[in-house]
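Asker: fold the following and give me the result.
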Amino acid sequence: MTATAVATPLPKASAQPCPDVEVVFARGTFEPPGVGGIGQSFVDAVRKQAAGRSVDVYAVNYPASTDFPTAVVGITDTANRIRATAANCPETRIVLGGFSQGAAVAGFVTSEAVPAGAAADDVPDPLPAEVADHVAAVALFGKPSPRFMEQIDTPPVEIGPLYRAKTIDLCIADDPVCANEGDGANHALYNRNGMTDRAAKFVVDRL
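Answerer: Numbering: from 1, shown residues only. Presented below is the predicted three-dimensional model:
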């Protein structure tokens, strides 16, 4: 038995190939772990419109609860994932996205500096320009408005200058989270009104 074990070669670990595209998406408040319904609709649209390219998905790992200060966990996780992908798969085009609280998480990741009012020790350093170059596009759905963020005692989301031209920031006109007024039910319609398809086209045009 010993001789057989020694003579049998050990299987080699095979590294997964780098995808053409990686979507890093942060779900909205109370959505279960994963990318959420709107995130999945967006990912499906990207895959359809980017036919011929391989598209992987990374679901940002954070609580997505109404304990809003814990969103910093998502900011850190997102930044770490983007850094890792840029380092390990330099040819992969990264797509950053988020819905609702997740849109705030994704937006803060693009910031060029720690937002005013936030403790520097609590948030990661801004992504350097060489890492930002790996991010092809940013898609935000229902990003909380400055007034909403003020109500939860959080700095407003400001998209950093390295990302503004490659960001699509979608808000339904009657979505109270991003538009400050309207029916709360509208906040859940981004995967039903064509906006995830619109965002996917924006993204794929920039890959």
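Asker: only C-alpha atoms from now on, for both contacts and neighbour counts.
Answerer: Will do.
Asker: what ranges do the strands span in this structure?
Answerer: Counting by DSSP state E, the chain has strands at residues 21-26, 55-59, 93-99, 135-141, 167-170.
Asker: got the ones you listed as TSV, with distance to Ser65 and mean neighbour count columns?
Answerer: What follows is the strands of the chain, written out as TSV (distance: least, Cα to Cα, whole Å; neighbours: other Cα atoms under 10 Å):
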stretch	distance to Ser65	mean neighbour count
strand 21-26	12	27
strand 55-59	15	18
strand 93-99	13	28
strand 135-141	17	26
strand 167-170	22	20
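Asker: pull the number of nearby residues for Ala129.
Answerer: 10 (other Cα atoms under 10 Å).
Asker: residues touching the nearest residue to it once chain neighbours are set aside, list them.
Answerer: Among residues not flanking Ala129 along the chain, Leu162 sits closest, at 7.4 Å (Cα to Cα, 6 or more residues apart in numbering). Shown in contact with Leu162 (Cα atoms under 8 Å, 6 or more residues apart in numbering): 110, 129, 132.
Asker: for the residue lying closest to Thr29 once chain neighbours are set aside, what are its contacts?
Answerer: Computed as Cα to Cα, 6+ apart, the closest residue to Thr29 that is not its neighbour in sequence is Ala64, at 4.6 Å. Ala64 sits next to 27-31, 70-71, 101-102 when contact means Cα under 8 Å, 6+ apart.
Asker: filter the residues you listed down to the buried ones.
Answerer: The neighbour-count criterion (16 or more other Cα atoms under 10 Å) marks 27-29, 71, 101-102 among these as buried.
Asker: could I get those as JSON lines with distance to Lys166 and pLDDT?
Answerer: Converted to JSON lines, these look like this (distance: Cα to Cα, whole Å; pLDDT from 0 to 100):
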{"residue": "Arg27", "distance to Lys166": "20", "pLDDT": "98"}
{"residue": "Gly28", "distance to Lys166": "22", "pLDDT": "97"}
{"residue": "Thr29", "distance to Lys166": "25", "pLDDT": "96"}
{"residue": "Ala71", "distance to Lys166": "23", "pLDDT": "92"}
{"residue": "Gln101", "distance to Lys166": "20", "pLDDT": "97"}
{"residue": "Gly102", "distance to Lys166": "18", "pLDDT": "98"}
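Asker: now render the residues you listed as a markdown table, adding distance to Phe42.
Answerer: Formatted as a markdown table, the buried ones among the contacts of Ala64 follow (distance: Cα to Cα, whole Å):
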| residue | distance to Phe42 |
| --- | --- |
| Arg27 | 11 |
| Gly28 | 13 |
| Thr29 | 17 |
| Ala71 | 21 |
| Gln101 | 16 |
| Gly102 | 14 |
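Asker: just the ones in helices from those residues, please.
Answerer: Counted as lying in helices by DSSP state H, out of the buried ones among the contacts of Ala64, are 71, 101-102.
Asker: that older thread, rebuild the strands of the chain as CSV, extending it with distance to Thr78 and mean pLDDT.
Answerer: Shown next, in CSV, are the strands of the chain (distance: least, Cα to Cα, whole Å; pLDDT from 0 to 100):
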stretch, distance to Thr78, mean pLDDT
strand 21-26, 7, 98
strand 55-59, 9, 98
strand 93-99, 9, 98
strand 135-141, 12, 98
strand 167-170, 16, 98
